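Peer 1: pasting the sequence and the predicted model now:
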Amino acid sequence: MAIRRDINYINKDFTEYRSQLINYSQTYFPTTYTDFTATSPGMMFIEQAAYIGDVLSFYLDNQIQENYVQYARQNNNLFNLSYMYGYKPRVTSLSTTEVDFYQIVPAKLSGSEYVPDYDYALYVNANTKISTRTGTATNFSIEDPIDFTVSSSDNPTTVSVAQITADVPSQFLLKKSATAFSGDIQTIQFPFGAPQEFATVNIVADSIAGVIDCTDSDGNKWYEVNYLGEEQIYDSIKNTNINDPNNYVTGNDAPYLLQTKSVQNRFATRFINDSTLQLQFGAGSPLSTTEEIIPNPANVGIGLPFGQDKLTSAYSPTNFIFTNTYGVAPTNTTLTIRYYVGGGVKSNILSNTLTNPDTSTIQFIKSNLNAALAETTFNSISTNNPIAASGGSDGDSIEEIRQNIISNFGSQMRNVTADDYLVRTLSMPSKFGTISKALTQRPNAGGDANTTLNIFVLSIDVNNHLTTASSTLKNNLKSYLNQYRMIGDNLSIRDAFVINIGVDFEIITLPSYNNNRVLSDCILALQNYFLTSKWQINQPILLNPLYVLLDEVEGVQTVKTIKISNISGTTKGYSEWAYDINGATQNGTIFPSLDPSIFEVKYPNSDIKGQVVAI
């Protein structure tokens, strides 16, 4: 008959194991072994067993600990956990800055006026490199191309006279700005033979910031997605109206049209460690794929071929198609991959240092140009960064990865609250148009019962004045938000109203102060206060802070009156909407209308007036 042994299962360290083994031997083998001195052979085996138990307990506890985001300490485990929760850790961050591009173009006579000859306008390709002055090793690249013939609200072309000959302009200076990223562009190639399910390749380098693009031997583009099951990507189509050189001054529309399209050539990336970026491709064959399926009652309503129980099928609002391929696998081709390396804290360079553009990626749009003029124009291209670069960092620390995982898991990249939609609206890529102001609001009782959320938007024109968003811009926003909205949300994108105002004030100055100087300082303070960038839709005007603002101007003894008035009329260049300012003023506060609106001082130099009066 077997004897039931009393075994302790909570021992964790060497001392506890050793003590329990001695106690176990004395209890169940009292006459078999009795020598428990430190130098006895039996104690050697007992302590070896305790040693093994201690080591195994340590590794078991450590492995359990590394499975939890809150307690994991090893980088590779945190990387794996981050991807499981949908967060992509960063091993480096690129710094950014605005870079001004300049070029000279000859003048031409158009009617009775000399205008720039845009036949000599240059086109700066995307990923053009700009290097710093001699002695530094940081390079920057622009992500989007620069077309000097195009001027829009999000990327205007500034035109000024560069040279006058015989009292008429002979050359014009064109200026455009672009966002530049620090880092060098590296290229690597990977050959592929027979198709392999979920093939992976590794890019090994220090400070990898991300993949720029991927193309195969036949020139086909491969698209990076967040995960292989995601088949929808953003695609941009050039807006032929805004990109027409004849619209270079008045073009306020979106430069590119945004649409989504399904792609089979796709890959997902993940960092294995600080210096290894892995690319994973799909499992499908280009000759046999289940991607092209149109959902209809014949292939969905009666059930799915791989499952009888439809209740357990997870339908996604962005990918209705169920497929086993997750994109195609590269076959008998060579993939060329370009990627950024660099960044970090050292890439936060000073202003006025990015002065050497790489002209190998710059070209003329038109052909058959005058050779001498073309050479002069091409040699005139120059760059400069008026502000210092910022944003470069050395990647996520262990604690940052842990906190970002927890934060990302909560959001799931979905718009759940009204604020989520607001942030997503304002973060749409600028090449699809710029949403300058936005407000999210639940519909009132008399609104559309099918609408979940109203999104009121405004854009800006080339003069940085608020204007109604174009239909193209709103369609782009619709396509953009559709990829992030909850499946049950119905959105309505609407125009907010612009109420143009003027400010008149009277002040009393202190003795011995120059009245004109004090008055000029007061106007400047009000201009800064009413900057359009500082105002939001449905923001009221508080009169008391205006009095305090002018009282703080040096030389002001007291502020006598401040009057806000409405200015309207399209013939005068203002908004068509009139507003009863007096009726909307209560207890020193001017409230906006019930319909979402924003106050704007459209022409600060003329709409803000003041005078000095006697006591």
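Peer 2: Everything's here; your move.

Peer 1: what about residue 117, distance to residue 168?
Peer 2: Between residue 117 and residue 168 the distance, using Cβ to Cβ, to the nearest Å, works out to 14 Å. No exception for glycine: its C-beta is placed from N, CA and C like everyone else's.

Peer 1: ok, now which ones touch residue 330?
Peer 2: 192, 195, 199, 216, 222, 281 (Cβ atoms under 8 Å, 6 or more residues apart in numbering).

Peer 1: out of those, who's nearest residue 265?
Peer 2: residue 222 (4.4 Å; Cβ to Cβ).

Peer 1: for the protein, give me the ranges with low pLDDT.
Peer 2: Scanning the chain for pLDDT under 70 picks out the ranges 1-3, 134-137, 153-154, 238-255, 285-325, 409-414, 430-431, 445-450, 462.

Peer 1: and it, what are its domains?
Peer 2: Listed by automatic domain parsing, the domain ranges of the chain are 14-65, 96-183+342-384, 184-295+316-341, 414-495, 499-612.

Peer 1: for the residue most central in space within the chain, what are its contacts?
Peer 2: The structure's the chain has its C-alpha centroid closest to residue 427; by Cα atoms, centre = their mean the separation is 6.1 Å. Listed by Cβ under 8 Å, 6+ apart, residue 427 has no contact partners.

Peer 1: ok, it to residue 434 distance?
Peer 2: With Cβ to Cβ as the criterion, residue 427 and residue 434 are 11 Å apart.

Peer 1: do residue 44 as well
Peer 2: Taking Cβ to Cβ, one finds residue 44 at 77 Å from residue 434.

Peer 1: just to revisit the earlier point, common neighbours of residue 117 and residue 168, please.
Peer 2: Going by Cβ under 8 Å, 6+ apart, residues that sit against residue 117 and also against residue 168 are residue 107.

Peer 1: pick out whichever of these two has more residues nearby.
Peer 2: Per other Cβ atoms under 10 Å, whichever of residue 117 and residue 168 has more neighbours is residue 117, with 20 against 11.

Peer 1: burial of residue 459, as a residue count?
Peer 2: Neighbours around residue 459, by other Cβ under 10 Å: 23.

Peer 1: once you drop chain neighbours, what's closest to it?
Peer 2: Using Cβ to Cβ, 6 or more residues apart in numbering and skipping the chain neighbours, the partner closest in space to residue 459 is residue 469 (4.4 Å).

Peer 1: tell me the contacts of the one you found?
Peer 2: Counted by Cβ under 8 Å, 6+ apart, residue 469 has contacts 433, 435, 457, 458, 459, 477, 495.

Peer 1: by neighbours, which of those residues wins?
Peer 2: Neighbour-wise, the contacts of residue 469 (other Cβ under 10 Å) top out at residue 433, 31 neighbours.

Peer 1: okay, buried residues for stretch 524-535 please.
Peer 2: When neighbours are counted by 16 or more other Cβ atoms under 10 Å, the buried residues of stretch 524-535 are found to be 525, 526, 529, 530, 532, 535.

Peer 1: can you pull the buried residues of the longest helix belonging to the chain?
Peer 2: Criterion DSSP state H: the longest helix present in the chain is helix 41-65. Across helix 41-65, burial judged by 16+ other Cβ under 10 Å covers 42, 43, 46, 47, 50, 53, 54, 57.

Peer 1: my read: residue 440 touches residue 418, true?
Peer 2: Yes: the criterion here is Cβ atoms under 8 Å, and residue 440 meets it with residue 418 at 4.1 Å.

Peer 1: who has more neighbours out of the two?
Peer 2: Higher neighbour count among residue 440 and residue 418: residue 440, with 22 against 15, using other Cβ under 10 Å.

Peer 1: surely the more buried one is in a strand?
Peer 2: Yes: secondary structure of residue 440 (DSSP: H, G, I helix; E, B strand; the rest coil): part of a strand.

Peer 1: which residues sit in contact with it?
Peer 2: By Cβ under 8 Å, 6+ apart, the neighbours of residue 440 are 418, 419, 421, 422, 425, 453, 454, 455, 456.

Peer 1: tell me which element the second one is part of?
Peer 2: Residue 419 is part of helix 418-426, with elements assigned from DSSP states H and E.

Peer 1: one step back: I'd like the buried residues of helix 41-65 as CSV, with distance to residue 104 appended.
Peer 2: Listed next are these as CSV, based on distance: Cβ to Cβ, whole Å:
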residue, distance to residue 104
42, 95
43, 91
46, 89
47, 86
50, 83
53, 80
54, 77
57, 75
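
Peer 1: all strands of the stretch 251-400 of the chain, in order?
Peer 2: 256-262, 266-273, 276-281, 333-341, 354-357, 362-364, 382-384 (DSSP state E, counting those that start in this stretch).

Peer 1: how about the CA coordinates for the first one, as CSV?
Peer 2: Spelled out, that is strand 256-262. Provided in CSV are the C-alpha atoms of strand 256-262 (Å, rounded to 0.1, in the frame of the first residue of the first chain):
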residue,chain,number,x,y,z
TYR,A,256,-5.1,65.2,-54.1
LEU,A,257,-8.2,63.1,-54.0
LEU,A,258,-8.3,60.4,-51.3
GLN,A,259,-9.7,57.0,-52.0
THR,A,260,-9.3,53.6,-50.5
LYS,A,261,-8.5,50.5,-52.6
SER,A,262,-7.9,46.8,-51.9
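
Peer 1: ok so, going back, for the residue nearest to the centre of the chain, grab phi and psi.
Peer 2: phi -100, psi 10 (degrees, to the nearest 10).

Peer 1: I'd like the distance between it and residue 456.
Peer 2: 17 Å.
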